[in-house]
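Engineer: Sequence plus the predicted model coming up.
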Amino acid sequence: MNVTVLLFGACREAAGTEEWNCDLSQSGPNLTVNSALDAAIARFPRLGPLTKTALFAVNEEHVKADHPITDGDTIAIFPPVSGGSAAGMDICEITREPIDKPGLEQRLLTGAAGAMVTFDGVVRNQTRGRRVMRLQYDAYAPMAVKEMQRIAVEVRERWPEIENIGMVHRFGELQVSESSVVIAITSPHRKIAFEACRYAIDRLKQTVPIWKKEVFEDGEEWVEGEQP
């Protein structure tokens with residue numbers, strides 16, 4: 001039995017690879033994510049300490065460590081993130097290119113909205129008194145888009161009056177003052193647009209598999225969130 005193990009963020013650095021073909025043919029029946037995790041730790045010992053707080057996905061769906069696996073599955077191992085399609089004209093995208101905020105806003109406006117609220121998360125030049133030179137974002141892109149679509153569905157369930165939702169997150173290397181994430185919400189009235197926009201960014205920081213490394217003048221470190 002063979003599965004593909006994908007590693008992201010600090011887990012990728014600890015293993016020294018982003019993808020590994022794992023042969024579990026000698027591991028017996030009734031295999032779970034834990035079976036692949038044990039094999040990964042044996043192959044990449046530096047992974048061990050990170051797995052205490054790691055999260056897992058099988059075929060781009062969040063799962064627990066006791067989730068069963070079968071031949072050909074793709075298993076993702078990643079630290080807590082740093083921080084069906086929805087209805088309407090919702091836009092959920094991951095990109096390496098600079099985010100076109102005006103373009104996103106124009107794509108969402110249909111004439112029916114009386115309000116648009118936009119959150120623009122930008123790279124700042126310091127964290128806890130240390131000067132930040134740049135950020136490096138890592139993303140499990142296919143799963144990230146699915147999670148963003150789920151957030152859009154959650155937003156619509158809470159605020160049915162919402163017109164359109166746009167969420168775009170950038171990954172790769174970003175410089176100070178560049179946008180890392182833009183969320184725009186259009187609605188008939190401003191109150192629900194404000195509420196929905198705040199909810200969307202808070203949920204994105206909790207569940208979307210994107211990780212941030214801060215590069216300082218005197219070193220670098222991954223920013224690890226808390227398990228949701």
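Structural biologist: Ah, there it is. Remember, it's a predicted structure, so these values are computed and weren't measured experimentally.
Engineer: going forward, measure contacts and count neighbours with C-alpha atoms only.
Structural biologist: Fine.
Engineer: among the helices and strands of this protein, which has the poorest mean pLDDT?
Structural biologist: In the chain, no helix or strand scores lower on mean pLDDT, DSSP states H and E than strand 61-63, which sits at a mean of 88.
Engineer: residue boundaries of the strands in this protein?
Structural biologist: Secondary structure of the chain (DSSP state E): strands located at 2-7, 19-23, 55-58, 61-63, 74-78, 91-95, 115-122, 126-127, 130-139, 164-170, 172-175, 179-187, 210-216, 219-223.
Engineer: pLDDT score for the residue nearest to Ala54 when sequence neighbours are not counted?
Structural biologist: Spatial nearest neighbour of Ala54, excluding adjacent residues (Cα to Cα, 6 or more residues apart in numbering): Pro79 at 4.6 Å. At Pro79, the model reports a pLDDT of 82.
Engineer: quick one, what contacts Pro79?
Structural biologist: 8-11, 50-51, 53-55, 224-225 (Cα atoms under 8 Å, 6 or more residues apart in numbering).
Engineer: quick revisit: now tell me what touches the least confident helix or strand of the chain from outside.
Structural biologist: Contacts with strand 61-63, where a contact means Cα under 8 Å, 6+ apart, come from 55-57, 143.
Engineer: Lowest-confidence one in those residues?
Structural biologist: Among the contacts of strand 61-63, Leu55 has the lowest pLDDT, at 87.
Engineer: gap between that one and Gly16?
Structural biologist: 18 Å (Cα to Cα, to the nearest Å).
Engineer: Between the two, tell me which one has more neighbours.
Structural biologist: The residue with more neighbours, out of Leu55 and Gly16, is Leu55; 20 against 13, by other Cα atoms under 10 Å.
Engineer: my read: that one touches Pro80, true?
Structural biologist: Yes - using Cα atoms under 8 Å, Leu55 is in contact with Pro80, at 6.2 Å.
Engineer: ok now do Val208, which residues does it touch?
Structural biologist: With Cα under 8 Å, 6+ apart, Val208 has these contacts: 81, 143-145, 147-148.
Engineer: ditto for Cys197
Structural biologist: 117-119, 183-185.
Engineer: make it 10 Å
Structural biologist: Residues near Cys197 by Cα atoms under 10 Å, 6 or more residues apart in numbering: 116-119, 155, 165-167, 183-186, 203.
Engineer: likewise Ala36?
Structural biologist: Each residue near Ala36 by Cα under 10 Å, 6+ apart is listed here: 2-5, 22-24, 27, 42, 65, 69, 75, 77.
Engineer: Can you tell me which of these is nearest Asp218?
Structural biologist: Nearest to Asp218, judged by Cα to Cα, of these is Ile77 at 28.4 Å.
Engineer: ok, the closest one - contacts?
Structural biologist: 5-9, 11-12, 18, 33, 36-37, 40, 47, 50-51, 54-58.
Engineer: quick one: it from Arg124, how far?
Structural biologist: Taking Cα to Cα, one finds Ile77 at 28 Å from Arg124.
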